[in-house]
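>>> model this:
(2 chains)
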Protein chains: 2
Amino acid sequence: MNIRNAIIVLAAIVLSQFSMAQNVVEDFKPSSVNQVGSQYPQVNSEGRVRVKISAPWALRVQLDIGGIKYDLKKDEKGVWIGESAPQVEGFHYYQLNIDGASVPDPGSLYFYGASRWGSAIEIPAPDEDFYAQKDVPHGLVSQKMYFSKVTNSWRRCFVYTPAEYDKNSSKRYPVLYLQHGSGEDETGWPTQGKANLILDNLIAAKKAVPMIIVMDNGYATKAPAPNGITAQSKSAFPFEEVIINEIIPMIDGSFRTLKDRDHRAMAGLSMGANQTITITMNNLDKFSYIAGFSGTSNYPRTDVIDPATFMGGKFKDGAALNKKIKLFWLGLGTKEPAPFPGSVKAFRDMLDKQGVKYTYYESIGTAHEWLTWRRDLNQFAALIFK
Amino acid sequence: MNIRNAIIVLAAIVLSQFSMAQNVVEDFKPSSVNQVGSQYPQVNSEGRVRVKISAPWALRVQLDIGGIKYDLKKDEKGVWIGESAPQVEGFHYYQLNIDGASVPDPGSLYFYGASRWGSAIEIPAPDEDFYAQKDVPHGLVSQKMYFSKVTNSWRRCFVYTPAEYDKNSSKRYPVLYLQHGSGEDETGWPTQGKANLILDNLIAAKKAVPMIIVMDNGYATKAPAPNGITAQSKSAFPFEEVIINEIIPMIDGSFRTLKDRDHRAMAGLSMGANQTITITMNNLDKFSYIAGFSGTSNYPRTDVIDPATFMGGKFKDGAALNKKIKLFWLGLGTKEPAPFPGSVKAFRDMLDKQGVKYTYYESIGTAHEWLTWRRDLNQFAALIFK
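A predicted model of the protein is given here:
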């Protein structure tokens, strides 16, 4: 053994001692969202994420997850390996950093989040059964393309139809409009959100009414008029125009829907929660079920809400709202960062003060991520259209 | 300017001269399959691919496309940039290599091909209009999950239903089963294959009959029996059992199909072409239209085929086959590598010798990639079920 190799071996021994000092539990398993045949990334029972990549000429390779970069260690073959601190249960976006280049991990599948397609990992949760692919009838998730005059562009939504939809060619169904959060898109709910599997399982267990779910893209920019001037949206924001004037009529024209407010719900997460509360409160003739998952329409403010002025006074008459809204749902994970807990609290305080009835759900031990929102959907979908 | 910077500037001048010596045409534009907002990768009018990535500590960064690795050059800010030799028109998988690590390009969208989810680029073709997203009625692409007893696993297929499908609740449709190639999966045809857009455009122009297209995964492994022994497949390969005994009955039970052989076609590319010819010839009671895009069932052999023994003598009686097969289609790109041209030629020679009628299509200037297969589908779909 030459001196160079001896140094590398010594360094490896020192580093392995360091790992042991951290008490890393050696029960790592490949992540459930790996590429076919990929052994890495892996997750252990503590929720640590271990990644591995061959980069023989690299000087520094890091795992970048949860806002922290963890240095990997190189073996003699040029393969880098290392792990993060424990992550909370649920779904987390991450990336690798190779000599300063931020890139997806070639071992993981890719998801749209954090405003880009990139790597993600699933930290297993004890209640994962409710969104597991089980031996129950499965609905379809259909990609629908439509042209929006508001944005002057092609847009895409995904539409879940329950398993029985194609067996009952005359039956009509209620519709849940279900929105993603900031930096995400219409692929979020049918992919990492597992909305279709959650509903398949609920419907098979007769816990939820068979329903259609529409998952669209919450971003919309108004196209300029022929004179080059972009008219101000008459709605709170352009997406309100798109969903009210374009998406709902398009869905009602293409699928066997029940078209009245009693059979229409809207829910969204984070940015989508904010949009949901604004859009439904502006259009109570069209919606009777409302859900904000990890978000409210006062976001990001946490101060006391004045119902006289907030959202043009839409919450002034609590008794009138209670007659119209069949279910107002708010949810939050217990590990969510500021400003979400404070913002949701301020909104709840306002509802309480006005006597507006609502259901509040806390997801234990989860952060501002998809496990919180899967649990929200699982609970909320079981309560609506009944 | 210090000496180090002077050297870098000099090096840049020398390198730029070298680039000019290559006559790189400076009309690069962002690729049509980039991530939203990404300016790179780019393509120029020669079909060169230019990539750019920040990797300030890296020693060597390469673009790996078409089996060749191209060294990138680093600027003073640590941003690497460089381009490939001209690529043929069409769709190409590629990756970046950063100090020996092969990773996806964070600028591109990701596609499944080459046995992994990774980067790809589209070199524009003059005839791209036939697969463009146009102002025509669009069909749905639906994700259907089903459990296979043959493989003892959940499988997924995508089902295209034409735009009129939901307007005519009693009409039944012919079905094309459309298969991907080696190292690809069921996402190939509805994504980079653009099968839905090709059919939307053909149907809107009344060039094709409205039809259902089923795009499944061509890989299947037989599950062991309860005694632990895996029975030999009675079919040529397990996927034949899956499509004949499971997929076709499942599709006929879930969609409004026409269920006779006159209204059922199968087509596939490369490995899928080989599978198509084998499966349809073994099941001529179920299929009347057959297409092999860039592949035949003698692959990879290029020697003369003896019809007496080839595929158990299934091509012995050409006249009988001509009565049964309404269209036998073979296609090939003029720039495909060995063994495809020789293999397809040997197969055609056999058909000619046996007097089996077939239509042969050459895609001018394209390789063993998706532009060839989009053109095949565009031509073939216009001829069937008429």
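
>>> pick out the residue of the stretch 201-350 of chain A closest to chain B.
Distances between the stretch 201-350 of chain A and chain B by Cβ to the nearest Cβ are smallest at residue A:254, namely 5.7 Å. Yep, even glycine has a C-beta here, placed from its N, CA and C like the rest.

>>> next up, the contacts around that residue.
The neighbourhood of residue A:254, defined by Cβ atoms under 8 Å, 6 or more residues apart in numbering or on different chains, consists of A:144, B:166.

>>> low-confidence ranges in chain A?
Counting by pLDDT under 70, chain A has low-confidence residues at A:1-22, A:231-234.

>>> domain ranges for it?
Per automatic domain parsing, the domain ranges recorded for chain A read A:23-124, A:129-381.

>>> start and end of stretch A:218-226, how far apart?
Using Cα to Cα, to the nearest Å, the gap from the first to the last residue of stretch A:218-226 comes to 25 Å.

>>> now do the buried residues in it.
By neighbour count with 16 or more other Cβ atoms under 10 Å in any protein chain shown, stretch A:218-226 contains the buried residues A:218, A:219, A:220, A:222.

>>> again, but for stretch A:244-263
By neighbour count with 16+ other Cβ under 10 Å, stretch A:244-263 contains the buried residues A:244, A:246-248, A:250-251, A:254-259, A:261, A:263.

>>> got CSV for the residues you listed, with secondary structure too?
Compiled in CSV, the buried residues of stretch A:244-263 are given as follows (DSSP: H, G, I helix; E, B strand; the rest coil):
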residue, secondary structure
A:244, helix
A:246, helix
A:247, helix
A:248, helix
A:250, helix
A:251, helix
A:254, helix
A:255, coil
A:256, coil
A:257, strand
A:258, coil
A:259, coil
A:261, helix
A:263, helix
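
>>> which of these lies closest to residue A:92?
Nearest to residue A:92 among the buried residues of stretch A:244-263: residue A:247, at 30.1 Å, using Cβ to Cβ.

>>> for residue A:378, grab phi and psi.
Main-chain torsions, residue A:378, degrees, to the nearest 10: phi -60, psi -40.

>>> the residue of the stretch 201-350 of chain A closest to chain B and residue B:145: what is the separation?
Counting by Cβ to Cβ, to the nearest Å, the separation of residue A:254 from residue B:145 is 22 Å.

>>> and for residue A:89?
From residue A:89 over to residue B:145 (counting by Cβ to Cβ), the distance is 25 Å.

>>> okay, those two: which has more neighbours?
For residue A:89 versus residue B:145, the count of surrounding residues by other Cβ atoms under 10 Å in any protein chain shown is larger for residue A:89: 23 against 18.

>>> show me the contacts for the more buried one.
For residue A:89, the contacting residues are A:47, A:123, A:124, A:125, A:126, A:365, A:366, A:371, taking Cβ under 8 Å, 6+ apart as the criterion.

>>> now swap in residue A:250 and tell me
Contacts for residue A:250 (Cβ under 8 Å, 6+ apart) come out as A:144, A:146.

>>> mind running it again at 6 Å?
Applying Cβ atoms under 6 Å, 6 or more residues apart in numbering or on different chains, we find residue A:250 in contact with residue A:146.

>>> from the buried residues of stretch A:244-263, which two are the most distant?
Across the buried residues of stretch A:244-263 (Cβ to Cβ), the longest gap, 20.7 Å, separates A:244 and A:256.

>>> can you list the residues of the stretch 151-300 of chain A near chain B?
A:154, A:166, A:169, A:254 (Cβ under 6 Å from any Cβ of the partner chain).

>>> out of those residues, which sit inside strands?
Residues from those lying in strands, with DSSP state E as the criterion: residue A:154.

>>> is it possible to mark the buried ones in the residues of the stretch 151-300 of chain A next to chain B?
Listed as buried from those are residue A:254; burial here means 16+ other Cβ under 10 Å.

>>> roughly how far does residue A:99 sit from residue B:275?
Counting by Cβ to Cβ, the gap between residue A:99 and residue B:275 amounts to 43 Å.

>>> those two - which one has more neighbours?
More neighbours sit around residue B:275 than around the other of residue A:99 and residue B:275, counting by other Cβ under 10 Å; the figures are 25 against 22.

>>> I'd assumed the more buried one was in a strand, is it?
No - counting by three-state DSSP, residue B:275 is not found in a strand; it is helix.

>>> tell me what the closest residue to residue A:366 other than its chain neighbours is bridged to.
Spatial nearest neighbour of residue A:366, excluding adjacent residues (Cβ to Cβ, 6 or more residues apart in numbering or on different chains): residue A:333 at 3.9 Å. Using DSSP bridges, the bridge partners assigned to residue A:333 are residue A:363.

>>> likewise for residue A:212?
For residue A:212, the beta-bridge assignment (DSSP bridges) gives partners residue A:175.

>>> which ones are touching it?
If a contact means Cβ under 6 Å, 6+ apart, then residue A:212 has A:161, A:173, A:175, A:255 as its contacts.

>>> among the residues you listed, which two are most distant?
So for the contacts of residue A:212, where distance means Cβ to Cβ, the most widely separated pair is A:161 and A:175, at 10.4 Å.

>>> and residue A:321, what element?
With elements delineated by DSSP states H and E, residue A:321 resides in helix A:318-324, which encompasses its position.

>>> that helix: which residues count as buried?
Across helix A:318-324, burial judged by 16+ other Cβ under 10 Å covers A:318, A:321.

>>> what helices or strands is it leaning on?
Here helix A:318-324 touches no other helix or strand, going by 3 or more Cβ pairs under 6 Å, 6 or more residues apart in numbering or on different chains; DSSP states H and E.

>>> of all of the stretch 151-300 of chain A, which residue lies closest to chain B?
For the stretch 151-300 of chain A, Cβ to the nearest Cβ, closest residue to chain B: residue A:169, 5.2 Å.

>>> residue contacts, that residue?
Residue A:169 neighbours (Cβ under 6 Å, 6+ apart): residue B:169.

>>> thinking again about what came up before, dump the helix holding residue A:321 to CSV, keeping only the CA atoms.
Included here for helix A:318-324 are C-alpha records, laid out as CSV according to Å, rounded to 0.1, in the frame of the first residue of the first chain:
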residue,chain,number,x,y,z
GLY,A,318,-71.6,34.6,9.4
ALA,A,319,-75.2,33.3,9.7
ALA,A,320,-75.8,33.9,6.0
LEU,A,321,-72.6,32.1,5.1
ASN,A,322,-73.5,29.1,7.3
LYS,A,323,-76.7,28.7,5.3
LYS,A,324,-74.8,28.7,2.0
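
>>> give me the contact list for it.
Helix A:318-324 has contacts (Cβ under 6 Å, 6+ apart) with A:284, A:354, A:355, A:356, A:357.

>>> name the nearest residue to the last one, sequence neighbours excluded.
In space, not counting the residues next to it along the chain, residue A:357 is nearest to residue A:322; the distance is 5.2 Å by Cβ to Cβ, 6+ apart.

>>> how near is the one you found to residue A:279?
20 Å.

>>> helices of the stretch 251-386 of chain A, residue ranges please.
Taking DSSP state H, counting those that start in this stretch, the helices of the stretch 251-386 of chain A run over residues A:271-282, A:318-324, A:340-354, A:370-381.

>>> JSON lines for these, including distance to residue A:75?
Compiled in JSON lines, the helices of the stretch 251-386 of chain A are given as follows (distance: least, Cβ to Cβ, whole Å):
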{"stretch": "helix A:271-282", "distance to residue A:75": "43"}
{"stretch": "helix A:318-324", "distance to residue A:75": "63"}
{"stretch": "helix A:340-354", "distance to residue A:75": "41"}
{"stretch": "helix A:370-381", "distance to residue A:75": "33"}
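
>>> to residue A:33, which of those helices lies closest?
The stretch from the helices of the stretch 251-386 of chain A with the least distance to residue A:33 (Cβ to Cβ) is helix A:370-381; that distance is 11.1 Å.

>>> quote the end-to-end distance of stretch A:144-153.
With Cα to Cα applied, stretch A:144-153 spans 14 Å between its terminal residues.
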